[in-house]
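Student: Next comes the sequence, and after it the predicted model I'd like to discuss.
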Amino acid sequence: MKRIASFLILAFVAFSLQAAIELPALIGSNMVLQRNATPNIWGKADPQSKLTITTSWNKQMYSVTADKVGHWLVKVKTPDAGGPYSITIREKETIVLKNILIGEVWISSGQSNMEMPVRGFGYQPNETCLQTIMEATQYPGIRMFTVQKASVETPQESCKGDWQLSTPESVGSFSATAYYFAKNLNKVLNIPIGIITSNWGGSAIEAWMTQESLNAIEGLNDSLISARTANNQKVAVLYNGMIAPIKNYTAKGFIWYQGETNRDNYQDYAKLMQGMLKLWRADWKDEKMPFYYAQLAPYTYEGVNGYSLPLMWEQQFNALKMIPYSGMATTTDLGDARCIHPARKEMVGMRLAMIALQNDYAIKGLPANNAFCESVEYKDGKAIVKVNSLGEGGDLATLNAINQKMDGFEVAGADQKFYPAKGNIVWYQNKIELRSDNVSEPVAVRYNFHNVPTGTVQTIGAQPLLPFRSDNWPIDVKF
């Protein structure tokens with residue numbers, strides 16, 4: 001009996017020593033830390049205990065004392081990209097975190113089009129699934145962390161998940177858009193990329209925000225917001241469970257693909273995006289943190305010729321002007337009227353990466369982004385659309401350049417009735433001249449302003465002209 005009792009005592013002591021340091025799931029082996037920065041390392045230990053953290057890349061030792069409830073956090077200094085390295089954490093026990101890389105870290109979030117894995121959903125494939133999975137081991141510099149779904153009423157300190165290497169198994173189950181974004185950064189920059197993805201299909205943007213951040217936005221449709229009671233749409237529940245636990249993790253920026261669920265309050269969407277970014281940037285303590293998002297992809301919704309999607313596109317475009325250090329990847333040429341989760345996720349991730357490479361990493365020679373209507377002039381029975389100056393590589397072209405087919409344009413006169421318009425690109429002026437036999441004196445122009453657009457205008461760099469309307473006439477939308 002004495003020998004059994006002694007064994008139990010020793011086991012208890014060993015367990016107690018093992019439990020002295022608790023690390024969040026994000027702080028672990030295989031992680032990527034932000035380069036040339038002071039990223040946070042944090043966890044829990046015995047109250048008032050003293051810990052030492054040693055980083056192998058510079059042999060520097062940091063000391064920190066846990067607070068009265070055991071929380072501790074220390075900032076470590078990172079060099080330029082490299083690795084693998086290790087971090088040693090000592091208190092009563094010693095924990096060694098291995099195979100750590102230093103590079104660029106990005107946070108991705110959104111609903112099902114961001115959640116959709118590389119292997120696709122049932123009956124909804126990802127176009128380049130097989131090639132991507134087969135090539136996964138060629139990208140050892142990519143590390144991935146998926147935040148497990150958690151809908152809760154109060155902010156959480158931790159989440160479930162772990163850092164994964166780029167293997168066929170891990171890549172197949174990871175967010176396709178996020179992986180392609182990371183893959184293109186890794187290929188061009190040739191440095192490690194860490195990508196943390198926190199997604200929930202069908203989620204509303206309000207679920208990714210706090211009630212306080214919503215209260216700070218004037219003029220919202222509160223009745224629609226309060227009517228959201230699902231566990232992935234209710235105010236703050238996903239922020240609490242899937243953003244709050246990761247906000248200590250130092251990162252470069254955010255990518256976002258969400259909005260389908262918010263078509264019912266499209267009028268508020270730009271303000272909601274602005275409010276969410278204000279909250280997230282405050283959490284990460286960086287008011288200039290980049291934010292790049294995917295335009296919603298075409299889909300039938302309430303009908304092929306419906307308007308709920310182009311009205312959201314307007315809001316997404318308006319958000320560019322409201323949110324500094326932001327960018328939008330266009331998708332009007334990537335949708336599928338029959339499938340809400342279109343298959344061309346590689347191009348979405350590539351376009352998001354293109355924006356980041358241009359804006360944050362000064363990569364030259366990439367195609368110009370976001371061709372949009374700058375102004376419209378009406379003259380001699382024509383509507384003349386001026387497209388923004390895009391610089392090198394930005395002249396307009398059409399997908400069907402042989403016969404200059406220009407679908408998607410409509411013009412209206414004072415009666416507010418729209419008719420298809422014939423167009424002609426004046427490429428050396430970045431202008432498009434439009435006329436219709438049914439409208440002698442046009443006063444308004446729309447382009448691709450339907451849920452499933454047909455227009456083919458794009459830049460030489462294959463960036464679609466953004467949908468637009470020159471009018472602000474009321475539109476009745478039935479969801």
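Tutor: Now that the structure is in, tell me what you want to look at.

Student: pLDDT weak spots in this protein?
Tutor: Applying pLDDT under 70 to the chain flags the ranges 1-19, 392-393, 398-405.

Student: any idea how it splits into domains?
Tutor: 23-101, 102-361, 373-469 (automatic domain parsing).

Student: Give me whichever of these is most buried.
Tutor: domain 102-361 (a mean of 20; mean count of other C-beta atoms under 10 Å). All C-beta spots, glycine's among them, are computed from the backbone N, C-alpha and C.

Student: on that earlier part again, right, and the domains of the chain - which one's nearest Val477?
Tutor: Nearest of these to Val477, taken as C-beta to C-beta: domain 102-361 at 5.0 Å.

Student: any idea where the helices of this protein begin and end?
Tutor: With DSSP state H, the ranges of helices along the chain come out as 2-18, 112-115, 129-134, 168-172, 176-189, 211-215, 222-226, 237-238, 269-283, 308-322, 345-361.

Student: Leaving out chain neighbours, which residue sits closest to Lys75?
Tutor: Here the nearest residue to Lys75 in space, its sequence neighbours aside, is Thr38; by C-beta to C-beta, 6 or more residues apart in numbering that works out to 4.1 Å.

Student: for that neighbour, what are its contacts?
Tutor: Counting by C-beta atoms under 8 Å, 6 or more residues apart in numbering, Thr38 makes contact with 75-78, 250.

Student: Need these in JSON lines (columns: distance to Leu465).
Tutor: As requested, the contacts of Thr38 are exported to JSON lines (distance: C-beta to C-beta, whole Å):
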{"residue": "Lys75", "distance to Leu465": "45"}
{"residue": "Val76", "distance to Leu465": "46"}
{"residue": "Lys77", "distance to Leu465": "46"}
{"residue": "Thr78", "distance to Leu465": "42"}
{"residue": "Thr250", "distance to Leu465": "38"}
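
Student: list the helices and strands the longest strand along the chain packs on?
Tutor: Longest strand of the chain, by residue count under DSSP state E: strand 94-110. Based on contacts counted as 3 or more C-beta pairs under 8 Å, 6 or more residues apart in numbering; DSSP states H and E, the elements that strand 94-110 packs against are strand 32-34, strand 82-90, helix 176-189, strand 193-199, strand 253-257.

Student: Look up how far Trp200 lies from Ala150.
Tutor: Taking C-beta to C-beta, to the nearest Å as the measure, Ala150 and Trp200 are separated by 9 Å.

Student: Mind listing the shared neighbours of the two?
Tutor: With contacts taken as C-beta under 8 Å, 6+ apart, Ala150 and Trp200 have 238, 242 as neighbours in common.

Student: quick one, strands of the stretch 351-479 of the chain?
Tutor: Here the stretch 351-479 of the chain has its strands, by DSSP state E, counting those that start in this stretch, at 373-379, 382-387, 396-398, 409-412, 418-420, 422-426, 431-435, 444-447, 457-459, 468-469.

Student: Tell me which residues touch Ser443, please.
Tutor: Careful, residue 443 is Val; it's not Ser. Residues in contact with Val443, defined by C-beta under 8 Å, 6+ apart, are 378, 412-414, 471.

Student: Please name the residues that touch the closest residue to Gly201 other than its chain neighbours.
Tutor: Beyond its immediate neighbours in the sequence, the residue positioned closest to Gly201 (C-beta to C-beta, 6+ apart) is Ser112, lying 3.2 Å away. When contacts are counted by C-beta under 8 Å, 6+ apart, Ser112 is found next to 121, 199, 201-202, 260, 340-341.

Student: Same check on Ser326?
Tutor: For Ser326, the contact set (C-beta under 8 Å, 6+ apart) comprises 277, 290-293, 319-320.

Student: same question, Val96
Tutor: Counting by C-beta under 8 Å, 6+ apart, Val96 has contacts 86-89.

Student: doesn't Glu206 make contact with Val235?
Tutor: Yes - Val235 lies in contact with Glu206 (C-beta atoms under 8 Å); the separation is 4.9 Å.

Student: intersection of neighbour lists for the two?
Tutor: What both Val235 and Glu206 touch, as defined by C-beta under 8 Å, 6+ apart, is the set 214, 225, 228.

Student: ok, now which ones touch Leu238?
Tutor: 150-151, 198, 200, 203, 207-208, 232.

Student: Grab the nearest non-local neighbour of it.
Tutor: Spatially, and ignoring its direct neighbours in sequence, Leu238 is nearest to Ala207 (4.1 Å; C-beta to C-beta, 6+ apart).

Student: Same check on Gln358?
Tutor: Nearest to Gln358 is Leu366, by C-beta to C-beta, 6+ apart, at 5.6 Å.

Student: Can you check the distance spanned by stretch 60-76, start to finish?
Tutor: 9 Å (C-alpha to C-alpha, to the nearest Å).

Student: Need the residues that contact it.
Tutor: Residues lying outside stretch 60-76 but in contact with it, judged by C-beta under 8 Å, 6+ apart, are 33, 38-55, 77, 87, 248.

Student: Can you tell me which of those end up in strands?
Tutor: In strands, judged by DSSP E, the following of the contacts of stretch 60-76 are found: 33, 40-44, 50-55, 87.

Student: Farthest-apart pair in those, please.
Tutor: Pairwise distances across the ones in strands among the contacts of stretch 60-76 (C-beta to C-beta) peak at 23.1 Å, for the pair Leu33 and Lys50.

Student: which ones are touching the closest residue to His341 other than its chain neighbours?
Tutor: Residue nearest to His341 in three dimensions, not counting chain neighbours: Gln124, with 4.6 Å by C-beta to C-beta, 6+ apart. Residues near Gln124 by C-beta under 8 Å, 6+ apart: 116, 339, 341, 343.

Student: Not counting sequence-adjacent ones, nearest residue to the last one?
Tutor: Leaving aside its sequence neighbours, Ala343 sits nearest to Glu127 (C-beta to C-beta, 6+ apart; 4.1 Å).

Student: Could you report the distance from the one you found to Lys345?
Tutor: Using C-beta to C-beta, we find Glu127 at a distance of 7 Å from Lys345.

Student: What of Ser49?
Tutor: Between Ser49 and Lys345 the distance is 46 Å, computed by C-beta to C-beta.

Student: same deal with Ser158?
Tutor: Ser158 sits 30 Å away from Lys345 when distances are taken as C-beta to C-beta.

Student: what does Asn184 give?
Tutor: For Asn184, the distance to Lys345 (C-beta to C-beta) stands at 12 Å.

Student: Leu390: what's it in contact with?
Tutor: Residues 368, 371, 430, 459 are the ones in contact with Leu390 under the rule C-beta under 8 Å, 6+ apart.

Student: Quick check: bridge partners of the second one?
Tutor: Taking DSSP bridges, one obtains Leu465 as the residues bridged to Ala371.

Student: In this structure it contacts Gly394, no?
Tutor: Yes - counting by C-beta under 8 Å, a contact exists between Ala371 and Gly394, whose distance comes to 7.0 Å.

Student: Thanks again, I'm all set now.
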